[in-house]
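Student: Pasting the sequence and the predicted coordinates here, then a few questions.
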Amino acid sequence: MPASATVKASVTAAYRSQAQPPLSHIAPVEGTFYYGSCDGTFYAGTRFQLTPGSTEAEQVALQDDGAAMKYFVDRPGAGWHYVAGDGFPASPQGCAAITQIPARLATLWNDCRSTPGQH
């Protein structure tokens, strides 16, 4: 299901507020945003990249972590929450290995294994 700019901004805001240290200058990597729902709960997955104005602390924080997919859940009335990230290296199963993402959604997302420009 297509994600609106509002959904992408909300997921990004959730990660910004929950990352250590807080990351103010980030945005989803184009072509890596997955979004869907199962049983009334919304799920998203994305990679993040730095945006202009990033600090040295942000650059260091995202240096390795930026390559990993991040996964989020939005339960009714709860808002978006960061629930998991890929390990390093990522599992060859993609998001099918992430227990917080329903298996049927991971299948629809091709296990989150498309590359930028393909999704």
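Tutor: Nice, I can see it.
Student: Need the contact partners of the worst-scoring helix or strand of the chain on mean pLDDT.
Tutor: Within the chain, confidence by mean pLDDT, DSSP states H and E is lowest for helix 56-65 among all helices and strands, at a mean of 83. Outside helix 56-65, the residues within contact range by C-beta atoms under 8 Å, 6 or more residues apart in numbering are 19-21, 23-26, 48-50, 54, 85, 88. All C-beta atoms are positioned from the backbone trio N, CA, C, and that covers glycine.
Student: my guess is Ile98 meets Ala106, correct?
Tutor: Yes: with contact defined as C-beta atoms under 8 Å, Ile98 counts as touching Ala106 (7.2 Å).
Student: about what we covered before: just flag the most distant two among the contacts of helix 56-65.
Tutor: The two members of those with the most space between them (C-beta to C-beta) are Ser24 and Phe88, at 23.6 Å.
Student: Between those two, tell me which one has more neighbours.
Tutor: Ser24 (12 against 9; other C-beta atoms under 10 Å).
Student: Got phi/psi on the more buried one?
Tutor: When read as degrees, to the nearest 10, the backbone of Ser24 gives phi -90, psi -30.
Student: Helix, strand, or coil at the closest residue to it other than its chain neighbours?
Tutor: Of all residues not flanking Ser24 in the chain, Arg16 sits nearest, at 6.3 Å (C-beta to C-beta, 6 or more residues apart in numbering). What DSSP: H, G, I helix; E, B strand; the rest coil gives for Arg16 is helix.
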